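1. below are the sequence and a predicted model; questions follow.
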Amino acid sequence: MLKYDEPMSKHCSLRAGGITREFCSPENIEELSEFLNHNHLPVLFLGLGSNLLVRDNGFNGVTIHTKHLNELTLSNGLIGAEVGATLAKLSRFAQTNLKHGAEFLSAIPGSVGGALAMNAGAFGSEIWQYVVSVRTINLAGKIQQRDKSDFVIDYRSVTHNHVDEFFISAQFDFDLEEANDNVRDLLHKRNSTQPIGLASCGSVFKNPNGNYAAKLIEESGLKGYCIGGACVSEKHANYIINQDNASSSDIEKLILHIQNTVKTLHKVELEPEIIII
Ligand SMILES: Cc1cc2nc3c(=O)[nH]c(=O)nc-3n(C[C@H](O)[C@H](O)[C@H](O)COP(=O)(O)OP(=O)(O)OC[C@H]3O[C@@H](n4cnc5c(N)ncnc54)[C@H](O)[C@@H]3O)c2cc1C
């Protein structure tokens, strides 16, 4: 369950990143609670690593991998999901149980926990639209039930006053009368516009108000621009691809270069969506 000096490049979809001092994969929530209760190191929660970049000098703390906390349940019409469940699995579970509205999640390659932290969304829907309540765990391993109203939800942003609490599960009300999207169509739409299957973290920047980050980057002539092994995707300008053994530093330098170029040419400050540790 506990490893030391684990390379984060193995766990992040950008395939870059230094080592984490400790790497803990609890089998269940009781084990996680017990571990946190005895831990004194800084903590980083990790889902599928599809929106995370750990710098080359690594993380001097413990990374909690939520992979095994992946139970899904149906009770009183609500779906309960532990945070390590993948969004694809949650979407399938909802479909199997004739709950509609979760189709869009099948297009996002993340875990429930990462999606709750980021307010992940696609095709006009966001995960927090469907949240009823969540359970959190704090650094001492104490578990709390929290209502949706305890959180301030915004575009790719979730804030709350309970510092040092992490998500461990959520209850969802997928209540549409019928599916508003066909999963196969959504995946087809995504695959035709995005460089799927390559080492990336999806969209690097949030869309600025009334504009699109990809459009601004493309109009800045940056498609295909590379620093070290990190390149702006030719297919979708808001994607950075780890094309040739890029370091986290290559990727971060490219992020800065894009921000500076877009600011100079368009007077727009691009805000990263990717989390850098
Ligand atoms: C090809 C591709 C396409 C993508 N398309 C989309 C898209 O359409 N829409 C979209 O929104 N995103 C998209 N993403 C980005 C990413 O998939 C989402 O942000 C996803 O929700 C991240 O989930 P994760 O489990 O991988 O999180 P991670 O990358 O593991 O973590 C992301 C952040 O969440 C925190 N976190 C993780 N688990 C918890 C927890 N249990 N409690 C508290 N904090 C936690 C981490 O510490 C980190 O800060 C895409 C990524 C890729 C690679």
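-> Thanks, I have it.

2. what about stretch 83-90, near the ligand?
-> Yes - counting by Cβ under 6 Å from any ligand atom, the ligand has neighbours in stretch 83-90: Val83. C-beta: built from backbone N, CA, C; applies to glycine.

3. roughly how far is that stretch from the heart of the chain?
-> Counting by Cα atoms, centre = their mean, to the nearest Å, stretch 83-90 is centred 12 Å from the centre of its parent chain.

4. name the residues that touch that stretch?
-> Contact with stretch 83-90 is made by 45, 47-48, 65-72, 79, 81, 102, 105-106, 108-113, 115-116, 120, 127, 167-170, 172, as judged by Cβ atoms under 8 Å, 6 or more residues apart in numbering.

5. kindly recompute the last result at 6 Å.
-> 66-67, 69-70, 72, 81, 105-106, 108, 110-113, 115, 167-168 (Cβ atoms under 6 Å, 6 or more residues apart in numbering).

6. got it, and stretch 6-24?
-> Under Cβ under 6 Å, 6+ apart, the answer for stretch 6-24 is 2-3, 5, 35, 49-50, 52-54, 56-60, 62-64, 199, 201, 242, 246-248, 251.

7. returning to what we had before: near the ligand too, which of the contacts of stretch 83-90?
-> Okay, of the contacts of stretch 83-90 touching the ligand (Cβ under 6 Å from any ligand atom), that's 66, 108, 110-111, 113, 115, 167.

8. the ligand contacts on the stretch 151-277 of the chain?
-> So far as Cβ under 6 Å from any ligand atom goes, the stretch 151-277 of the chain lies against the ligand at 166-167, 196, 200-202, 275.

9. try it again with 8 Å
-> 156, 166-168, 190, 194-196, 200-203, 239, 273, 275, 277 (Cβ under 8 Å from any ligand atom).

10. what's the closest of these to the ligand?
-> Gly202 (2.4 Å; Cβ to the nearest ligand atom).

11. what two of the contacts of stretch 83-90 have the greatest distance between them?
-> Ser106 and Ile168 (22.8 Å; Cβ to Cβ).

12. quick revisit: filter the contacts of stretch 6-24 to the buried ones?
-> 35, 49-50, 52-54, 56, 58-59, 62-64, 199, 201, 242, 246-248, 251 (16 or more other Cβ atoms under 10 Å).

13. which parts of the stretch 101-250 of the chain are strands?
-> 121-122, 125-126, 131-138, 143-147, 151-154, 157-160, 165-172, 226-227, 230-232, 240-242 (DSSP state E, counting those that start in this stretch).
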